[in-house]
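here is the input, now give the coordinates:
(2 chains)
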There are 2 protein chains.
Amino acid sequence: MEKRFEVKPTIYFIRGLNLNELVFVGLGLNDEEGITLKGLEETRTADTVFMETYTSLMPKFSLKRFETLCGKKIQVLIRQDLEEDSGKVILNAAKCGKAVFLVPGDPFIATTHLALRIDAEKQGIKTRIVHGISIISAIISLSGLHNYKFGKTVTIPFRENFSETPYMVIGQNRNLGLHTLCLLDLKASENQYLSIKQALQMLLEMEQKKQMKIISPETVAVGIARAGSDKPMLKADFIEGLMDFDFGEPPFSLIIPGDLHFMEVEALIALAGAPIDLRRLAK
Amino acid sequence: MEKRFEVKPTIYFIRGLNLNELVFVGLGLNDEEGITLKGLEETRTADTVFMETYTSLMPKFSLKRFETLCGKKIQVLIRQDLEEDSGKVILNAAKCGKAVFLVPGDPFIATTHLALRIDAEKQGIKTRIVHGISIISAIISLSGLHNYKFGKTVTIPFRENFSETPYMVIGQNRNLGLHTLCLLDLKASENQYLSIKQALQMLLEMEQKKQMKIISPETVAVGIARAGSDKPMLKADFIEGLMDFDFGEPPFSLIIPGDLHFMEVEALIALAGAPIDLRRLAK
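Model (predicted):
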């Protein structure tokens, strides 16, 4: 396969033409080609390039291929670099030229790096954002459900950190007829991913405990694997039907719908293999 | 300025190697460089390329520059083409090869084209999505407010279509401590954009009418102009302070925050020029 985004030396690479600034660039989802043309251009013209890959999983991302694409050596930061050092290494680089910080997804959909941006601005370093595709809009877009019918988003953590919060958020949204987007926790560096089955099991256990009639094996849910990749997998069914469904490789997410418009039901049947029995639930 | 995404003829352009399919590709925001590398690649290798630009505004998008970039002649569809014809022209093209349909933002964050995707699948045409940057995540990301604290999103229409809905949605979200993202209506083809001032005025008038104590001149709001562009403008202030603020060129959007975490307050002060007086509101 021929590469068509070759790097060519341009005047942008000459150090000194850049302002001192910190540009947060979203890598988007899945692989090197999830970045926008604008994001690649910003990276190519940076004096220093940093990246973190611990806030989200990019399953097919190759650092080597990306370095070839942008013609830059990239410094990969781990969580400790940013937490212990408060991003000092990035701020110092931004004081001597244009620093680009590559972040999976859209740079500030997770709040992880917000403190770094505020620190930079307080120190007089200009910051900019070049957006990337966010998992949030990708999942909503894939599902065929209506964006304006989603309520508050929630993360479902691993069992050791599980609390009543996700269950209560789903309940609050469902009482208003709204859908809940549930991000399932992951530890990318340890290759650990909460599965859709585990998430559903914990929610059903919380129902047993709380008895608030928020969720049951007969509730409809939509499981999503690999949103943003070439081969995403969607399956909508009653929860009991999803328990043994094989979603394949991570990452995973989950939607617990609220009231379903008939167009949404048709979308779930046509695009997510929902049983046609769902039609009786359309409002 | 040298162009670095040159088109080269490749084996992909040979008709017949493609499957029959319909690929929805997100153009992202603002201009030609808002598309991902993956999206450009899909466009370059299509047999037929369609585009619509009526569901959203891409202020700096040049069709000519984009056609050069992707090496394809693009058929621009207007609303009538899709509404009256049910997208027949696109479906027919997808029956004879790979058709790409370019849509601003992320293809299915607006529900406009969902029926087309469902029709295609029902007719046995394989569909795929190549995501683009959505205005939704761009605005949330820019604002520095926490994504998981946003409730239901709402669109504020022009005065002739204004109803109590936006006001009620803001109220429902604020009662739960949640932020409301308000998309402001636009008629891109007629160069008409609801301004932040007009939106706030209509909300305050609805408060006068309903008296539900949802919003007042002392409520905090965040106005955003040109999200996703090189020069976005953010301004957070009490509503009375925003009324005469000059946001410059469209498109516009608005956030009416719910409860503010102290980190969110610091973000609004550092990144959106909020008065430091906001600190007393932090929860």
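
and the stretch 51-200 of chain A, which of its residues are near chain B?
Residues of the stretch 51-200 of chain A found near chain B (C-beta under 8 Å from any C-beta of the partner chain) are A:69, A:106-111, A:114-115, A:117-118, A:121-122, A:127-129, A:131-134, A:136-138, A:140-142, A:144, A:146-155, A:172, A:176, A:178. All C-beta spots, glycine's among them, are computed from the backbone N, C-alpha and C.

how about the spatially most central residue of chain A: what's its closest non-neighbour residue?
The residue lying closest to the centre of chain A (C-alpha atoms, centre = their mean) is A:I135, at 3.3 Å. The shortest distance from A:I135 to any residue other than its chain neighbours is 5.5 Å, reached at A:G105 (C-beta to C-beta, 6 or more residues apart in numbering or on different chains).

got the phi and psi for that neighbour?
phi 70, psi -140 (degrees, to the nearest 10).

for the stretch 1-150 of chain A, which spans come out with low pLDDT?
Scanning the stretch 1-150 of chain A for pLDDT under 70 picks out A:1-18, A:86.

by proximity to chain B, which residue of the stretch 151-283 of chain A wins?
Here the stretch 151-283 of chain A gets closest to chain B at one residue, A:A270, 4.5 Å apart by C-beta to the nearest C-beta.

inside helices: which ones of the residues of the stretch 51-200 of chain A next to chain B?
Assignment to helices by DSSP state H places the following of these there: A:69, A:114-115, A:117-118, A:121-122, A:136-138, A:140-142, A:172.

wouldn't A:L186 be in contact with A:L194 here?
Yes - the criterion here is C-beta atoms under 8 Å, and A:L186 meets it with A:L194 at 6.8 Å.

looking at those two, which one has more neighbours?
Using other C-beta atoms under 10 Å in any protein chain shown as the criterion, A:L186 and A:L194 rank with A:L194 on top: 25 against 20.

need the pLDDT of the more buried one.
We have a pLDDT of 96 for A:L194.

that one against A:D185, yeah?
Yes - with contact defined as C-beta under 8 Å, A:L194 reaches A:D185; the gap is 4.8 Å.

anything in contact with each of those two?
Both A:L194 and A:D185 are contacted by A:156-158, under the criterion C-beta atoms under 8 Å, 6 or more residues apart in numbering or on different chains.

from those, which is closest to A:F252?
Comparing the shared contacts of A:L194 and A:D185 against A:F252 with C-beta to C-beta places A:I156 closest, at 9.8 Å.

tally of neighbours for the closest one?
With other C-beta under 10 Å as criterion, A:I156 counts 26.

that one pairs with what?
Here A:I156 sits in beta bridges with A:L184, as judged by DSSP bridges.

got the contact list for it?
So A:I156 contacts A:162, A:166, A:182-185, A:194, A:199, A:202-203, A:254 (C-beta under 8 Å, 6+ apart).

so the residue of the stretch 151-283 of chain A closest to chain B sits in a strand?
No - under DSSP: H, G, I helix; E, B strand; the rest coil, A:A270 falls outside any strand and is assigned helix.

any idea which element A:Q80 lies in?
Taking DSSP states H and E as the definition, A:Q80 sits inside helix A:79-85.

what does that helix contact?
The contact list for helix A:79-85 (C-beta under 8 Å, 6+ apart) reads A:52, A:54, A:87, A:89-90, A:112-113, A:116.

show me what the helix or strand following that helix is packed against.
Heading C-terminal from helix A:79-85, the first helix or strand you meet, by DSSP H and E, is helix A:88-95. Helix A:88-95 sits against strand A:21-26, strand A:48-52, strand A:74-77, strand A:98-103, helix A:114-122, with contacts defined as 3 or more C-beta pairs under 8 Å, 6 or more residues apart in numbering or on different chains; DSSP states H and E.

nearest to A:E190, of the ones you listed?
strand A:48-52 (15.8 Å).

what about A:F66, which SS state?
A:F66 ends up helix, using three-state DSSP.

measure it to chain B for me?
Between A:F66 and chain B the distance is 10 Å, computed by C-beta to the nearest C-beta, to the nearest Å.

I figured that residue was touching A:G34, is that so?
No - using C-beta under 8 Å, A:F66 makes no contact with A:G34, being 10.3 Å away.

these two - which one has more neighbours?
A:G34 (27 against 22).

so how far is A:A138 from the residue lying closest to the more buried one once chain neighbours are set aside?
Nearest non-adjacent residue to A:G34, counting by C-beta to C-beta, 6+ apart: A:G28, 2.9 Å away. Applying C-beta to C-beta, to the nearest Å, the value for A:G28 to A:A138 is 9 Å.

my guess is the residue nearest to the centre of chain A meets A:I109, correct?
Yes - between A:I135 and A:I109 there is a contact at 7.4 Å, judged by C-beta under 8 Å.

follow-up on the earlier one: which of the residues of the stretch 51-200 of chain A next to chain B count as buried?
A:69, A:106-111, A:114-115, A:117-118, A:121, A:127-129, A:131-134, A:136-138, A:140-142, A:144, A:146-155, A:172, A:176, A:178 (16 or more other C-beta atoms under 10 Å in any protein chain shown).

tell me the buried residues in the top helix by length along chain A?
Secondary structure of chain A per DSSP H: the longest helix is helix A:196-210. Neighbour-count burial for helix A:196-210 flags A:196-200, A:202-204, A:206-207 (criterion: 16+ other C-beta under 10 Å).

on that earlier part again, any chance of the helices and strands packed on helix A:88-95 in TSV, with distance to A:P217 too?
Listed next are the helices and strands packed on helix A:88-95 as TSV, based on distance: least, C-beta to C-beta, whole Å:
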stretch	distance to A:P217
strand A:21-26	38
strand A:48-52	39
strand A:74-77	43
strand A:98-103	38
helix A:114-122	39
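
out of the ones you listed, nearest to B:P232?
B:P232 lies closest, by C-beta to C-beta, to one member of those: strand A:21-26, at 12.9 Å.

strand partners of that closest one, parallel vs antiparallel please.
Here, using DSSP bridges, strand A:21-26 pairs with strand A:98-103 (parallel), strand A:126-130 (parallel).

and the angle from the longest one to helix A:114-122?
To tie it back to what came earlier, the one meant is strand A:98-103. 170 degrees (axes from the mean of the first three to the mean of the last three C-alpha atoms, to 10 degrees).

from the contacts of helix A:79-85, which single one is nearest B:I78?
Distance to B:I78, by C-beta to C-beta, is smallest for A:H113 among these, at 40.9 Å.

residues contacting the closest one?
With contact taken as C-beta under 8 Å, 6+ apart, A:H113 is in contact with A:24, A:82, A:87, A:101, A:103, A:107.

same question, A:E21
A:94, A:98-99, A:125-128.

dump those to TSV, plus distance to B:M58.
Below are the contacts of A:E21 laid out as TSV (distance: C-beta to C-beta, whole Å):
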residue	distance to B:M58
A:A94	30
A:K98	26
A:A99	28
A:I125	30
A:K126	25
A:T127	24
A:R128	19
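
and which of those is nearest to B:F262?
Nearest to B:F262, judged by C-beta to C-beta, of the contacts of A:E21 is A:T127 at 20.2 Å.

show me chain A divided up by domain.
A:11-130, A:135-281 (automatic domain parsing).

how about those domains in CSV, adding distance to B:D277?
Below are the domains of chain A laid out as CSV (distance: least, C-beta to C-beta, whole Å):
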stretch, distance to B:D277
domain A:11-130, 18
domain A:135-281, 28
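
nearest to B:A274, of those domains?
Closest to B:A274 of these is domain A:11-130 (C-beta to C-beta; 12.2 Å).
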